[in-house]
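just need the structure, nothing else, for what follows:
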Amino acid sequence: MSELNPLPLEALHAELGGKMVPFAGYSMPVQYPMGVMAEHLHCRSEAGLFDVSHMGQVIVRGADAASALERLIPADVAGLGAGRQRYGVLMQPDGGVADDLMFANRSDHFYLVVNGACKYQDVEILKAGLSGCEVTLLDDRALLALQGPKAEAVLADLLPAVAQMRFMDSQMFDWMGAELWISRSGYTGEDGFEISVPEDRAEELARALLAHPAVAPIGLGARDSLRLEAGMPLYGQDLTPEISPVVAGLGWSIAKARRAGGPRAGGFPGAEPFLQELMDGPANIRMGLRPEGRAPMRAGVELYHSVDATAPIGRITSGGFGPSVGAPIAMGIVPAELAPGTTIYGEVRGKRLPVTLATLPFHTPRYKR
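Numbers count the residues shown, from 1 in each chain. The predicted structure follows:
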């Protein structure tokens, strides 16, 4: 097995009692002594600090970088104002989805944050598809996420100006001589910030945030349950090269300007079938699922119309226990004609157990608009 990469804050995680596990090629904390359930609830009520330095931070420079990015990302890149950020999907040459990402307009260049497990592949796709642009994967910056209803108050103690940021703003700040790149966004369904910091200042910043009584360190376990409650897809499970953005319920990320009839329609890999599916509607769709009882249903569980149906109609793509919901929750791909409230069945260890279809999200996001 290949050696795992350490995070820049590896020593701090050990000091905090983090339980480390392999994830995306890195050794990462899955939980701390507080435990996954308490960490999840703390983030919902106070503020949680996540080390997400495994993510890829990419700079794209070029005279026409926005138009170039639109050849790979079916979003309105050209219409994104300076100091703002958007969600998008990176398309593969065969029309599949290579990754999902965030991209920010920094006036003279674009800043992208991509998934850690995909970052090297993503950079190769970007370099091959963005002729005339310089694509750089940064290796000297860490990435922290501060999430929760008290995140603004905590970060404003260090940088008062962040209180003026809106959801999906992306700005640069000086903190004691360190240039911080801060976006008001995250992956929990809570208000919060993602903070890119020079690697050699990451521990200092993390300790300054953790010194606030509202802040606790949060691991991968709670990060997964938080995003599941918020109905957010995980690339590799709920969105894959085989599960299109339309099936994954991400059609909203495809800008009107890039759709059929729009001024910059298509022009990205797989545009024709992609836009046709968007117009016609998909045969299958990602939906919320509520298994009965207290036992969670995990990714991979097959779903059936009835207890005696012979063929599955779909499968669970993400599942677990929702601490804020107080019950098992899941997401899965099911026939689009099925309505919320419909009962179907998941097969667990040879038994068919009832599951009720539900609308997403399970937890209403609390962003600062």
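
who does the helix or strand harbouring Leu49 touch, helix- and strand-wise?
Taking DSSP states H and E as the definition, Leu49 sits inside strand 47-51. Strand 47-51 sits against strand 141-147, helix 202-210, strand 215-217, with contacts defined as 3 or more C-beta pairs under 8 Å, 6 or more residues apart in numbering; DSSP states H and E. C-beta: built from backbone N, CA, C; applies to glycine.

right, and Gly95 touches Gly270 too?
Yes: look at Gly95 against Gly270 with C-beta atoms under 8 Å: they come within range, at 2.1 Å.

what pLDDT, on average, does stretch 51-63 get?
For stretch 51-63, the per-residue pLDDT values average out at 97.

for that stretch, measure first residue to last.
33 Å (C-alpha to C-alpha, to the nearest Å).

which one is Ser53 nearest to, not counting chain neighbours?
Ala142 (4.2 Å; C-beta to C-beta, 6 or more residues apart in numbering).

now do Phe110
Using C-beta to C-beta, 6+ apart, the closest residue to Phe110 is Val60 (4.4 Å).

show me what contacts the one you found?
Ala68, Leu69, His109, Phe110, Tyr111, Leu112, Leu126, Leu130, Cys133, Glu134, Val135, Thr136 (C-beta atoms under 8 Å, 6 or more residues apart in numbering).

host element of it?
Short version, using DSSP H and E: Val60 is in strand 56-61.

that strand pairs with which strands, and in what direction?
With DSSP bridges as the test, strand 56-61 is paired with strand 110-114 (antiparallel), strand 134-137 (antiparallel).

low pLDDT regions in the stretch 151-300 of the chain?
Within the stretch 151-300 of the chain, no stretch has pLDDT under 70.

how far away is Arg298 from Lys150?
Between Arg298 and Lys150 the computed distance is 32 Å (C-beta to C-beta, to the nearest Å).

between those two, which one's more packed in?
Lys150 (21 against 15; other C-beta atoms under 10 Å).

correct me, but the more buried one touches Arg44?
No: if you go by C-beta under 8 Å, Lys150 and Arg44 don't touch, sitting 10.7 Å apart.

nearest to Ala327, of the strands paired with strand 56-61?
Taking C-beta to C-beta, strand 110-114 is the member of the strands paired with strand 56-61 nearest to Ala327, at 31.9 Å.

if you count neighbours, what's buried in the closest one?
Phe110, Tyr111, Leu112, Val113, Val114 (16 or more other C-beta atoms under 10 Å).

confidence score at Glu3?
With respect to pLDDT, Glu3 scores 86.

list the contacts for it?
Taking C-beta under 8 Å, 6+ apart, one finds nothing in contact with Glu3.

for Gly332, see how far away it is.
Taking C-beta to C-beta, one finds Glu3 at 35 Å from Gly332.

again, but for Asp76
Distance, Asp76 to Gly332, using C-beta to C-beta: 30 Å.

quick one, phi/psi of the most far-flung residue of the chain relative to its centre?
The centre of the chain is farthest from one residue, Asp308, which by C-alpha atoms, centre = their mean lies 36.6 Å away. The phi and psi values for Asp308, taken as degrees, to the nearest 10, are phi -120, psi 10.

show me where the stretch 1-150 of the chain has helices.
For the stretch 1-150 of the chain, the helices defined by DSSP state H, counting those that start in this stretch occupy 10-15, 36-45, 65-70, 119-129.

reformat these as CSV; add distance to Gly25 and mean neighbour count.
Listed next are those as CSV, based on distance: least, C-beta to C-beta, whole Å; neighbours: other C-beta atoms under 10 Å:
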stretch, distance to Gly25, mean neighbour count
helix 10-15, 14, 15
helix 36-45, 22, 21
helix 65-70, 26, 20
helix 119-129, 9, 17
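
tabulate these in a markdown table, adding columns for distance to Glu337.
As requested, those are exported to a markdown table (distance: least, C-beta to C-beta, whole Å):
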| stretch | distance to Glu337 |
| --- | --- |
| helix 10-15 | 47 |
| helix 36-45 | 34 |
| helix 65-70 | 33 |
| helix 119-129 | 35 |
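
tell me which of these sits nearest to Arg223.
helix 36-45 (8.7 Å).

who are the packing partners of that closest one?
Using 3+ C-beta pairs under 8 Å, 6+ apart: helix 36-45 touches strand 215-217, helix 220-229.

need the winner for burial among these.
For those, the largest average neighbour count (mean count of other C-beta atoms under 10 Å) is found in helix 220-229, namely a mean of 24.

can you tell me what sits against that one?
With C-beta under 8 Å, 6+ apart as the criterion, helix 220-229 contacts 21, 23, 28-31, 36-37, 39-40, 43-44, 48, 50, 147, 187-190, 234, 318-325, 329-331, 361-363.

one more time with 7 Å, if that's ok
Outside of helix 220-229, the residues within contact range by C-beta atoms under 7 Å, 6 or more residues apart in numbering are 23, 28-31, 36, 39-40, 43, 50, 187-189, 234, 318, 320-325, 329, 331, 361-363.

what's the answer for stretch 91-98, then?
Residues from elsewhere that reach stretch 91-98, judged by C-beta under 7 Å, 6+ apart: 72, 74, 89-90, 118, 121-122, 125, 239-241, 244-245, 268-270, 273-274.
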